Structures are given as structure tokens and as C-alpha cells.
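*Asks:* using only what follows, build the 3D model:
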Amino acid sequence: MTTTSATTVNAPAPAGPPPIHELVKEIANAHIRKLQGGYLNDRPEAVAALARIRRGVGKPLHAVPDLWGLEGTDRLYTDIPDRRENERLRAENAVHIAVTLWAVHQQSRRDSPMHVAGGPQLGRAVRALMPGDDIDEPLRRRFVRIGTATSLDTLAQRLRDVVLVLRQHTQAMDYAALAEQIYHWQMPDRRARVRRDWGRNFHARAQQGTPDTQGTEQTKEAS
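*Replies:* Numbers count the residues shown, from 1 in each chain. So this is what the prediction gives:
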């Protein structure tokens, strides 16, 4: 007697949720680009939203109730399981700081976007204000102070100090990458690598007009 065995076709396993640091970067990019498009097109609701979001810069998450629902963090509650509350808090902090800093950076800049996905990251944006081998010492000191921050509140305040200079010179940067870096910075075992990335990014010299391809080392890690 001949026995015929059925062939089982293994269906591909469904893709799992992205690592949280990637989710932070994606959410920050999508939300800022949406607001930015409305602001550059002078849409009243976007202009009003940015004015409200700026009030949260340098302030702790949820400290300004008027910002609730404006920072684009809703997906963090649907895509991050409840059992990972610590990761969710870090993600919220990262998106909150990045979005509020961008709102300050974009203020009164109606002719060009201050968030450019894939554009200069923090260190390179700062260095772009120092042509050739010239070093702007006051600006360099502000940048160094970011690297020596030891609390999230201090980090946010020192980032704001640098963003104000970038705004003055209409120098754009990648705020989605910054959100991802802030997420990692909140973990002590990754903080040194974030600082190293900022320093390397500052010293790297990209050709004018080319995208910033020196991504953070942390993006290769799981959340």
C-alpha cells in the first residue's frame, strides 16, 4: 500500500512590531513633517499648534496639559505593550523633547523646513555654522554642555540653547534622528555611545549637498 503524505507549506511568520527606537524615529518624523507642511503652507491650525507646542520646550512631559494630543505620541500606547511601561516613558520623553525643540526651531521660518529627514544630525548641524577650520568657541561650548548633561531636564535645556543658534542661522537638522538618540540617552548603558555619536558627527566633514549618512550606532541595536 502506498502512503501519500501531505506537504505542509510553512507560511511566513508575521512581522513583529519594530524596535521601540525605530518607532520613536518614525513617529517623530511623521508628526513633525505633518505639522511642518501645514506651517509652511500657512495653515491656521498648524500655526496655532506650533505656538502651543513651543510652550512645552524644556518642560517635563505632561507638565503642560494644553499639549495633550498635539505631540503625536498616540501610537506609543497602541504599539508598545503595557508591560513595557519604562520603554514607553522613554519613548514619550524622546518624542516630546524632539517635537518641542523643532517647534522652537521652526518658529518664524516660513520659507524652509527646519526638520529634514536624513539631513544633518545634531553635531553636523552645529559644525555647519563653523566654515572651514574655524571654531566658534561660544557655540562649541554650548555643544559640549549637551554632552556633559546628566539629567533629562538639563539635556533638554541645553539642546534648546543650541537650537536657538541653529534657528538664528536657518540651519536645519534631522529631528527624527535626535528623537531616537534621546530615547537611547535615557539608558545609562547607552548614554556614552550617544555622546560618542554626537562628537563624531561634529568632527565629520560631509560634502556640501550630500545627506547625512552617518547614522547613530544605536539604531543597529534592539530597543
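*Asks:* Ile27 and Arg75 touch, don't they?
*Replies:* Yes: shown here, Ile27 and Arg75 form a contact pair, counting by Cβ atoms under 8 Å, at 5.6 Å. C-beta here means a position set from N, CA and C on the backbone, and glycine is covered the same way.
*Asks:* was I right to think Val116 contacts Ala172?
*Replies:* Yes: using Cβ under 8 Å, Val116 is in contact with Ala172, at 4.7 Å.
*Asks:* middle-most residue in this structure, spatially?
*Replies:* Ranked by distance to the mean C-alpha position of the chain (Cα atoms, centre = their mean), the top residue is Ala179 at 2.2 Å.
*Asks:* contact partners for that residue?
*Replies:* Val24, Lys25, Ile27, Ala28, Ala94, Val95, Ile97, Ala98, Val99 (Cβ atoms under 8 Å, 6 or more residues apart in numbering).
*Asks:* now the buried members of the residues you listed.
*Replies:* Buried members of the contacts of Ala179, counted by 16 or more other Cβ atoms under 10 Å: Val24, Lys25, Ile27, Ala28, Ala94, Val95, Ile97, Ala98, Val99.
*Asks:* so which of the residues you listed is the closest to Asn41?
*Replies:* Nearest to Asn41 among the buried ones among the contacts of Ala179, counting by Cβ to Cβ, is Val99 at 18.8 Å.
*Asks:* please name the nearest non-neighbouring residue to the closest one.
*Replies:* Glu71 (5.1 Å; Cβ to Cβ, 6 or more residues apart in numbering).
*Asks:* and what of Leu67?
*Replies:* Leaving aside its chain neighbours, Leu67 sits nearest to Gly56 (4.7 Å; criterion: Cβ to Cβ, 6+ apart).
*Asks:* where's the one you found relative to Arg90, distance?
*Replies:* 17 Å (Cβ to Cβ, to the nearest Å).
*Asks:* and if you look at Lys25?
*Replies:* Here the criterion is Cβ to Cβ. By it, Lys25 lies 13 Å from Arg90.
*Asks:* which of the contacts of Ala179 fall in helices?
*Replies:* Counting by DSSP state H, the contacts of Ala179 place Val24, Lys25, Ile27, Ala28, Ala94, Val95, Ile97, Ala98, Val99 in helices.
*Asks:* tell me where this protein has helices.
*Replies:* Using DSSP H, the helices of the chain run over residues 20-40, 44-54, 74-79, 85-106, 122-127, 137-147, 152-168, 175-185, 188-203.
*Asks:* tell me what the fifth one is packed against?
*Replies:* Contacts defined by 3 or more Cβ pairs under 8 Å, 6 or more residues apart in numbering; DSSP states H and E place helix 122-127 against helix 137-147, helix 152-168, helix 175-185, helix 188-203.
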